[in-house]
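Engineer: Fold the following, please.
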Amino acid sequence: MFVMGNLILALASIINIGLTIYMWIIIIRALISWVSPNPYNPIVRFLYRATEPVLGQVRRFLPIGGMGIDFSPLIVILAIYFLKLFLVRTLIQLAYRFG
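Structural biologist: Numbers count the residues shown, from 1 in each chain. Predicted structure coming up:
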């Protein structure tokens, strides 16, 4: 059964790393949005392509209401933090029970 525990622990580690990388991509995109980036820059295009599907879904449910401030990156970062606390920790605890 220790093999299953190690598999779940490895999966939890990969999910944790993936969530951390995506969180930093969202932070970088939010910081870049404060300046006027060149939309043809490959890095800017990658950041927009990587984050817009998630941020666009969150924006559909947020009432903007003329504030001019986009809170969708904050909401997504909080959701990632929740997933890291809940999902990753749950998988780690499950892995230790198998081990």
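Engineer: what ranges do the helices span in the protein?
Structural biologist: 2-32, 42-61, 72-83, 89-98 (DSSP state H).
Engineer: tell me the mean pLDDT for the first one?
Structural biologist: So that's helix 2-32. For helix 2-32, the mean per-residue pLDDT is 96.
Engineer: Count residues in the vicinity of Arg89, would you?
Structural biologist: Here the number of neighbours of Arg89 (other CB atoms under 10 Å) works out to 13. Using the backbone N, CA and C atoms, a C-beta is placed for each residue, glycine as well.
Engineer: That one and Gly56: what is the separation?
Structural biologist: To Gly56, Arg89 is 29 Å away according to CB to CB, to the nearest Å.
Engineer: need the contact list for Ile15.
Structural biologist: Shown in contact with Ile15 (CB atoms under 8 Å, 6 or more residues apart in numbering): Leu83, Leu87, Val88, Leu91.
Engineer: Just the buried residues of stretch 14-34, please?
Structural biologist: For stretch 14-34, the neighbour count (16 or more other CB atoms under 10 Å) marks Asn16, Leu19, Tyr22, Met23, Ile26, Arg29, Ala30 as buried.
Engineer: now swap in stretch 61-76 and tell me
Structural biologist: Buried residues in stretch 61-76, counted by 16+ other CB under 10 Å: Ser72, Pro73, Ile75, Val76.
Engineer: ok, those residues vs Leu11, which is closest?
Structural biologist: Minimum distance to Leu11 across the buried residues of stretch 61-76 is 22.1 Å, recorded for Val76 (CB to CB).
Engineer: Does the closest one touch Val54 like I think?
Structural biologist: Yes. Using CB atoms under 8 Å, Val76 makes contact with Val54 at a distance of 5.7 Å.
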